[in-house]
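Visitor: quick one, fold the following:
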Amino acid sequence: MQDVKFNEVVEQICKEDPRYDRRAYSFVREALDHTVKNIRKKQAEKGAHTRHVSGPELLEGLRQYALDQFGPLVKTVFDAWGITRCEDFGEIVFNLIDYKIFSKTENDRREDFASIYTFEEAFVKPFLPARKPRAFVADPAA
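Guide: Below is the predicted model of the structure:
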């Protein structure tokens, strides 16, 4: 039943705010689950309790999850969904907060998602070949 509500809410959000593809909302929800699971695992190792996920923590989890899910196509997928910068994820998160799908603390702000990383650095550079310095070889005929 929860998925039906989520899908209905996303449909409504996309009617009111068509900037992002509906698949982006599902991806953000899955990436949040992935991030929470990783944080819980790390905190369990330290004996700490689960806590709220911050914007920068979610962005890092989103980055890792996206690389795992889409590999070198990640930037192409995000471009198709209308996501071109970290702030777009913040907009999606806050749209979901406005509809009570996600929750927030009084300290959470859209600005928490501002310029944490560039998409080029986060999603393109990991797949570029490593450059090896070229050795200079003298032409023996010269």
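
Visitor: switch to C-alpha atoms for all contacts and neighbour counts from now on
Guide: Fine.

Visitor: grab the longest helix from this protein for me.
Guide: helix 22-46 (DSSP state H).

Visitor: got the buried residues for that one?
Guide: For helix 22-46, a neighbour-count test (16 or more other Cα atoms under 10 Å) marks 22, 24-25, 28-29, 31-36, 39-40 as buried.

Visitor: skip ahead from that helix and say which helix or strand is next.
Guide: helix 55-70 (DSSP states H and E).

Visitor: and the following helix or strand past that next one, what does it pack onto?
Guide: On the C-terminal side of helix 55-70, the nearest following helix or strand under DSSP H and E is helix 74-81. Here helix 74-81 touches helix 22-46, helix 55-70, going by 3 or more Cα pairs under 8 Å, 6 or more residues apart in numbering; DSSP states H and E.

Visitor: gap between stretch 72-82 and the chain center?
Guide: Put simply, stretch 72-82 sits 11 Å off its chain's centre (Cα atoms, centre = their mean, to the nearest Å).

Visitor: one more: stretch 114-126?
Guide: That offset, for stretch 114-126, works out to 10 Å (Cα atoms, centre = their mean).

Visitor: show me what counts as buried in it.
Guide: So stretch 114-126, judged by 16+ other Cα under 10 Å, has buried residues Ala114, Ile116, Tyr117, Phe119, Ala122, Phe123, Val124.

Visitor: now do the longest helix of the chain: everything it contacts.
Guide: Contacts to helix 22-46, defined as Cα atoms under 8 Å, 6 or more residues apart in numbering, come from residues 10-11, 14, 49-50, 53, 57-58, 61-62, 65-66, 78, 81, 89, 92-93.
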